[in-house]
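>>> Sequence below, structure please.
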Amino acid sequence: MTVLCGKGVRRLRVLLAAFVVTALLTVVPSATARPGLPPPAPADLYDMVRRDLGTLPDRGYTRPGEDVRAALRTGLDRVVARDWLAVDDALRPHHYSGTTQADSPSGVLFGRLFPLDHPNAGRGAAYVMGEGTSVAVHVPHPVCEPGVDRLGVEVARGAKDSVLLVAGAKRFAGGPGAGCAHPGKEPLPVDCEAASDPWVCDETVFHTWSEYLRGRSLPAVSLVGLATDRAVADVEVDVPDGSASSFGEAIAVSAEQAGFTVCRSWVDTCPGADEGSRSRQALAYGSTRAAFAAVQVRQSVLDNAEELVQVAKAVAAAAGAHH
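Predicted structure coming up:
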């Protein structure tokens with residue numbers, strides 16, 4: 001039998017340690033290649049929004065059950081956490097998925113929660129820009145207000161670490177009227193068992209996501225188009241009862257500095273500025289004194305590509321700085 005001296009024992013220990021390290025490096029994947037982390041494919045955020053919305057039908061929306069809303073809430077939570085394996089577990093049974101992409105115009109990495117093959121189901125989509133810790137950007141009425149989905153994308157790009165929420169159905173696809181057509185009655189006779197409009201019904205995926213982000217203490221800005229003949233200013237800003245006007249005031253000042261006329265609902269009478277006082281998301285934020293501002297933009301501004309980008313930059317600069 002060979003007996004190792006002290007030097008021999010030490011050398012054997014060094015060799016064994018080197019062997020173990022080499023084996024671990026071979027078996028354990030690096031952090032950049034861990035399972036479940038998709039590579040950030042380049043894509044235009046606006047193109048993804050348009051893809052995820054699909055062709056919104058005028059009718060046929062049905063209210064998502066509590067199980068669907070809970071699963072998509074969990075999905076958003078896991079996208080924010082970049083836990084891609086858990087994202088898949090939560091979303092796949094409901095024909096949703098999550099991935100990470102790089103917005104080609106801005107270079108910002110964003111997490112995307114989107115319908116796999118049935119955008120017409122009307123559940124909507126969410127996009128977590130960067131860390132997703134600054135501000136929630138709401139687009140409750142895409143398509144029905146031309147240009148407002150583009151406005152939402154530009155605000156989300158400009159507000160660092162924002163989260164963009166886009167509703168997935170036309171306002172009246174599941175309630176009175178049809179598609180974008182207002183039924184012509186006030187207050188709206190909405191049956192929330194079928195209503196798609198998150199403005200008046202809270203059993204929607206959009207409202208569920210809004211509540212999740214409110215729970216994470218994100219302020220929210222809701223972007224809405226306003227018919228030119230109803231508008232008294234280029235931008236009308238409204239805040240709900242209970243929320244301090246300081247968040248809305250910062251957005252109003254930023255819009256004025258960008259050259260737009262502004263009506264503040266807490267100072268003046270703004271006929272079109274009712275989103276902040278009546279929408280379900282606004283009322284929820286106001287009930288906990290959280291920061292919320294509804295920004296209603298004149299349709300003629302949304303129709304002008306240059307002005308749309310300018311007003312988006314102004315809103316993003318103020319909203320993104322609030323946290």
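>>> host element of G320?
Taking DSSP states H and E as the definition, G320 sits inside helix 305-321.
>>> Buried residues in that helix, which are they?
Residues 307-308, 310-320 are the ones in helix 305-321 that count as buried (16 or more other CB atoms under 10 Å). Glycine gets a C-beta too; all of them are placed from N, C-alpha and C.
>>> Next, V297: secondary structure please.
Recorded secondary structure, V297: strand (DSSP: H, G, I helix; E, B strand; the rest coil).
>>> count of neighbours near the closest residue to D149 other than its chain neighbours?
Excluding its sequence neighbours, the residue lying closest to D149 (CB to CB, 6 or more residues apart in numbering) is P142, at 4.3 Å. As a burial measure, P142 scores 26 neighbours (other CB atoms under 10 Å).
>>> Now do the same for P142: helix, strand or coil?
With three-state DSSP as the basis, P142 sits in coil.
>>> And the helix holding G320, how far out from the chain middle?
What separates the centre of helix 305-321 from the centre of its chain is 16 Å, taken as CA atoms, centre = their mean, to the nearest Å.
>>> now swap in stretch 218-230 and tell me
With CA atoms, centre = their mean as the basis, the distance from the averaged C-alpha position of stretch 218-230 to the chain average is 15 Å.
>>> ok, now stretch 92-106?
In terms of CA atoms, centre = their mean, the centre of stretch 92-106 is set 12 Å apart from its chain centre.
>>> for that stretch, which positions count as buried?
So for stretch 92-106, counting by 16+ other CB under 10 Å, buried means 94, 96-101, 103, 106.
>>> Now do it, average pLDDT.
If you average the pLDDT over stretch 92-106, you get 91.
>>> still on that earlier bit, helices or strands next to the helix holding G320 in the packing?
Where contact means 3 or more CB pairs under 8 Å, 6 or more residues apart in numbering; DSSP states H and E, helix 305-321 is packed against helix 148-158, strand 220-226, helix 246-257, strand 292-298, helix 299-302.
>>> Including mean neighbour count, could these go into a markdown table?
A markdown table is the format used below for these (neighbours: other CB atoms under 10 Å):
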| stretch | mean neighbour count |
| --- | --- |
| helix 148-158 | 25 |
| strand 220-226 | 26 |
| helix 246-257 | 20 |
| strand 292-298 | 29 |
| helix 299-302 | 19 |
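>>> Just put those in CSV and tack on mean pLDDT and distance to F110.
Formatted as CSV, the entries for those read as follows, by pLDDT from 0 to 100; distance: least, CB to CB, whole Å:
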stretch, mean pLDDT, distance to F110
helix 148-158, 97, 8
strand 220-226, 95, 18
helix 246-257, 97, 23
strand 292-298, 95, 21
helix 299-302, 96, 23
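>>> Out of these, which is closest to D274?
Across these, the minimum distance to D274, taken as CB to CB, is reached by strand 292-298, at 8.2 Å.
>>> now the helices and strands packed on helix 305-321 as JSON lines including distance to A173?
Formatted as JSON lines, the entries for the helices and strands packed on helix 305-321 read as follows, by distance: least, CB to CB, whole Å:
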{"stretch": "helix 148-158", "distance to A173": "16"}
{"stretch": "strand 220-226", "distance to A173": "17"}
{"stretch": "helix 246-257", "distance to A173": "30"}
{"stretch": "strand 292-298", "distance to A173": "22"}
{"stretch": "helix 299-302", "distance to A173": "21"}
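>>> what's the average pLDDT for the strand or helix carrying R50?
Assigned by DSSP H and E, R50 falls within helix 45-53. Summarised as a single mean, pLDDT over helix 45-53 is 93.
>>> Pull out the buried residues from it.
Along helix 45-53, these residues count as buried under the neighbour rule (16+ other CB under 10 Å): 45-46, 48-50, 52-53.
>>> got it, and stretch 225-232?
Taking 16+ other CB under 10 Å as the neighbour-count basis, stretch 225-232 is seen to contain the buried residues 225-226, 231.
>>> now swap in stretch 117-135 and tell me
Across stretch 117-135, burial judged by 16+ other CB under 10 Å covers 119-129, 132-135.
>>> which stretch of helix or strand covers L91?
Following DSSP H and E, the helix or strand that holds L91 is helix 84-91.
>>> again, but for E236
Using DSSP H and E, E236 falls in strand 235-238.
>>> So which residues lie in contact with that strand, not counting its own?
Here strand 235-238 makes contact (CB atoms under 8 Å, 6 or more residues apart in numbering) with 226, 248-249, 251-252, 255, 260-265, 270, 272-277, 282, 293-298, 301, 311.
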